[in-house]
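Q: Next comes the sequence, and after it the predicted model I'd like to discuss.
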Amino acid sequence: MPPSSLRVVYAFAREMHPKTSDVFIQYGTAGFRTKAILLEHVVYRMGLLAVIRSRVKNGRAIGMMITASHNLEPDNGVKLIDPDGEMLEQSWEEIATRLANVSDNDLESTTAQVIKEVNADMSLKAAVFIGMDTRYTSPRLAAAAVHGVIALKGTPKEFGIVTTPMLHFCVKCRNDNTYGTPTEEGYYEKIVGAFKNIRQKLPVTGEYNTTLYVDGANGVGGKKLNIIKKTLDGELDLVLYNLGGNGGKLNLNCGADFVKVSQKPPVGVEHAPFQRVASLDGDGDRIVYYYLDDKEKMHLLDGDRIATLLASYITELLKACYAEELRLGLVQTAYANGASTKYITEDLKVPVTCVKTGVKHLHHAALSYDVGVYFEANGHGTVVYSELAKKTIRKIAEEGDVEQRKAASLLLNFIDMTNETVGDAISDLFLVETVLCARGHNVRQWMTAYTDLPCRQLKVTVQDRNAISTADAERVCTSPEGLQTRINELVSGYKSGRSFVRPSGTEDVVRVYAEADTQESADKLAAEVAQAVFDLAGGVGERPKLPA
Ligand SMILES: CC(=O)N[C@H]1[C@@H](OP(=O)(O)O)O[C@H](CO)[C@@H](O)[C@@H]1O
Ligand SMILES: [Mg+2]
């Protein structure tokens, strides 16, 4: 494309999506995320970038999801999805940040510069899939995305309101038609279809109860489950709460993040004791389970718990197939509960990799196993299968003996039910329900696998959170000087104590994590480490207090 045709890039920007603020914005752990009113020009520019990226990938589709996930209603965000349905390649994050922050006057020349830098052939076709969550600011931002795509003569395809993982799935299917059909219906067909298939093979036994309560976080995930619910025929009885009606506010005192971090049940759900409840986040890519006991105490089954459940079941099926040569591994972050890591290595005897926070890091590490199970403790995760694994299992399903064929065919359904592109609350829900049903387990039996160490997360506001640097998958703090030594001293005073700090990639805070043998100790250790961060890393505002 000759540079003169880039004029429209500037014209669209100036006329329709001008840059109205000088606030610097950065492509973080999960794309750009901030107050929705600061985002319109950013989303427009990401439309431009998505077209360039599509052309660099020979016209394969790129995804753009408008969402701020578990953040509250006034926020919004945008993240780009690469052709295989994975997160945007990391080396492009800097380009995204640059393009988002230049002035309108410099936009045309910066766009030309980026095109040159990445060597994009602008004569190629380009396809961009655009989806959004339920926020009232999302349609306007989706329109800005479309304008960005059109400005560079790409073809936008709008999916309307979808969960983040649905859009990842559609992008993958568009670029690899063996994976499925790139529509919302295609998603239901594959994932829910596999669940129905598997449930025909697995009768309800033991203590498993087909009733599942769901907290939809007043977001898109609950709405989609409401569609799915109508197609289920006794396989699962979904009782849905927080679907966005009756004045329920997105993620406010509900949803997976609220439940995990506050360790409290969400508002808006009626609780029967020992009834298992699944809690989704605002864009449907995270899930945690919990139940209240007869004293109304909450028991949380988080991402670590889901990961161990899935890994142990897949291991069983691989054994039954005699396909133990396939290497299964689990990927966690430093936020994984120490008890889960111990259980995985000592009881399940499955190798564990610990990586930096952020799904892209987990996904990448999981790909190095034949079967890679990855979950963040907050409930974001999935399973990925190598081509070798799929081929081996397919062969056993055809050529094995009766028992092998049975296990392999269950495993093939299990693979189809998995959204391998990214963590997916809906797919994970069906995976969990399948394992519990296969084992005839209720939620209390699921809970008995291991006992979590009590833990606490805190946030500290500092002048510049980048003053904190870390190493060894964020478990060691390398600056400011003296902070790690102080953390070591504090941790040594607690039985089963562990603590680490890191700058958040989605909020302007430093996160503190601590665990210990009792809740009181975990709370105290977290508060002491928070004080150390405040003192040594330039805390602002009120000094964190120790628990009374
Ligand atoms: C402790 C924690 O839960 N951190 C979350 C949070 O990242 P931070 O960089 O910690 O703000 O948001 C990410 C995006 O959703 C998610 O991947 C990650 O696990
Ligand atoms: Mg999310």
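A: Now that the structure is in, tell me what you want to look at. Ligands and ions are numbered 1, 2, ... in the order given.
Q: Domain map for this structure?
A: For the chain, automatic domain parsing gives the domain ranges 3-161, 188-300, 303-424+443-447, 455-536.
Q: possible to save those as a markdown table with mean pLDDT, distance to ligand 1 and mean neighbour count?
A: The way it works is simple: take the backbone N, C-alpha and C, and place the C-beta from them, glycine included. Output for the domains of the chain, formatted as a markdown table (pLDDT from 0 to 100; distance: least, Cβ to the nearest ligand atom, whole Å; neighbours: other Cβ atoms under 10 Å):
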| stretch | mean pLDDT | distance to ligand 1 | mean neighbour count |
| --- | --- | --- | --- |
| domain 3-161 | 94 | 4 | 20 |
| domain 188-300 | 96 | 7 | 20 |
| domain 303-424+443-447 | 97 | 4 | 20 |
| domain 455-536 | 96 | 3 | 18 |
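Q: of those, which approaches Cys170 most closely?
A: domain 3-161 (5.7 Å; Cβ to Cβ).
Q: Return the distance of the closest one from the chain's centre.
A: Offset of domain 3-161 from its chain centre (Cα atoms, centre = their mean, to the nearest Å): 20 Å.
Q: So it, near ligand 2 or not?
A: Yes. Applying Cβ under 5 Å from the ion, one finds domain 3-161 touching ligand 2 at Ser69.
Q: thinking again about what came up before, format the domains of the chain as CSV; extra columns: distance to Leu167.
A: Formatted as CSV, the domains of the chain follow (distance: least, Cβ to Cβ, whole Å):
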stretch, distance to Leu167
domain 3-161, 4
domain 188-300, 9
domain 303-424+443-447, 9
domain 455-536, 19
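Q: Next to ligand 2, which bits of the chain? Give me the list.
A: So the chain meets ligand 2 at Ser69, Asp281, Asp283, Asp285 (Cβ under 5 Å from the ion).
Q: How about the contacts made by the closest residue to Leu6 other than its chain neighbours?
A: Nearest residue to Leu6, sequence neighbours excluded (Cβ to Cβ, 6 or more residues apart in numbering): Glu108, at 5.1 Å. Contacts for Glu108 (Cβ atoms under 8 Å, 6 or more residues apart in numbering) come out as Leu6, Arg7, Val9, Tyr10.
Q: let's go with 6 Å and repeat that
A: Counting by Cβ atoms under 6 Å, 6 or more residues apart in numbering, Glu108 makes contact with Leu6, Val9, Tyr10.
Q: tell me which element the last one falls in.
A: So that's Tyr10. Using DSSP states H and E, the element containing Tyr10 is helix 7-15.
Q: Check the gap between Gln484 and Asp472 for me.
A: 10 Å (Cβ to Cβ, to the nearest Å).
Q: cool, Ser69 as well?
A: According to Cβ to Cβ, Ser69 and Asp472 sit 27 Å apart.
Q: Can you tell me which of the contacts of Glu108 is nearest ligand 2?
A: Val9 (30.7 Å; Cβ to the ion).
Q: Check the gap between the residue of the stretch 1-150 of the chain found nearest ligand 2 and Arg140 for me.
A: At 3.2 Å from ligand 2, Ser69 is the closest residue in the stretch 1-150 of the chain, using Cβ to the ion. With distances taken as Cβ to Cβ, Ser69 is found 18 Å from Arg140.
Q: ok, now Val533?
A: Taking Cβ to Cβ, one finds Val533 at 38 Å from Arg140.
Q: Over to Lys190?
A: According to Cβ to Cβ, Lys190 and Arg140 sit 32 Å apart.
Q: again, but for Glu117
A: Taking Cβ to Cβ, one finds Glu117 at 30 Å from Arg140.
Q: Please apply the same query to Lys230.
A: When Lys230 is compared with Arg140 (using Cβ to Cβ), they lie 31 Å apart.
Q: and Ile130, what are its bridge partners?
A: With DSSP bridges applied, Ile130 shows beta-bridge pairing to Met64, Glu158.
Q: residue contacts, it?
A: Met64, Ala142, Ala145, Pro156, Glu158.
Q: what do you get for Leu48?
A: Thr111, Gly148, Leu152.
Q: OK, now which residue of the stretch 101-250 of the chain is nearest to ligand 1?
A: Thr164 (9.7 Å; Cβ to the nearest ligand atom).
Q: tally of neighbours for that residue?
A: 30 (other Cβ atoms under 10 Å).
Q: likewise the one 10 residues further on?
A: Neighbourhood size, Arg174 [other Cβ under 10 Å]: 22.
Q: shouldn't it be in contact with Ile62?
A: No. If you go by Cβ atoms under 6 Å, Arg174 and Ile62 don't touch, sitting 9.8 Å apart.
Q: what's Leu124 sitting at in phi/psi?
A: phi -80, psi 160 (degrees, to the nearest 10).
Q: Leaving out chain neighbours, which residue sits closest to it?
A: Using Cβ to Cβ, 6+ apart, the nearest residue to Leu124 is Arg55, at 4.6 Å.
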